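In: Got a sequence here, can you model it:
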Amino acid sequence: MIKKINNTIIDVNGKMLEFDINISQILEYNDFFLLLLRERKEVPNNVIAFDYEGNEIWKINDIVQAKIPRGFDEIEKISDDLLKAHYELGIIFEIDVIKREIVNKTFLR
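Out: Numbers count the residues shown, from 1 in each chain. Below you'll find the predicted structure:
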């Protein structure tokens with residue numbers, strides 16, 4: 001169970017996770033959850049997956065593999081295995097979070 005204590009701290013089944021950056025969104029999947037860390041300024045590589053014991057599994061740039069990691073504005077759970085992530089540079093990534101691979105890229109600019 002995940003409980004947001006304040007803007008920078010969550011309780012994951014009794015384990016406190018604290019961040020220097022605000023927690024903007026939390027998306028829950030079957031075996032893990034995602035956090036979007038976001039503030040006014042850009043935060044690179046700011047989507048992080050954790051298991052329900054509070055251990056970090058991966059960061060979004062492990063999948064996207066941008067040469068210069070940028071931040072994401074918004075994340076959206078499409079299904080139990082799909083994530084839609086809005087990149088600050090005007091790209092929307094659809095990511096299979098189980099296989100950890102990009103399924104689709106949409107360019108908005």
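
In: the helices in this structure, which residues?
Out: In the chain, the helices defined using DSSP state H lie at 61-64.

In: which residues in it form strands?
Out: For the chain, strands defined by DSSP state E occupy the ranges 2-4, 9-12, 15-18, 23-28, 32-37, 47-51, 56-59, 72-77, 82-87, 91-96, 101-107.

In: of all these, which lies closest to Gln65?
Out: strand 101-107 (9.0 Å; Cβ to Cβ). Placement of C-beta: from N, CA and C, glycine included.

In: Pipe the strands of the chain into CSV and attach mean pLDDT and distance to Gln65 per row.
Out: CSV is the format used below for these (pLDDT from 0 to 100; distance: least, Cβ to Cβ, whole Å):
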stretch, mean pLDDT, distance to Gln65
strand 2-4, 95, 28
strand 9-12, 98, 27
strand 15-18, 97, 25
strand 23-28, 97, 21
strand 32-37, 98, 18
strand 47-51, 98, 14
strand 56-59, 98, 11
strand 72-77, 96, 14
strand 82-87, 97, 13
strand 91-96, 97, 11
strand 101-107, 97, 9
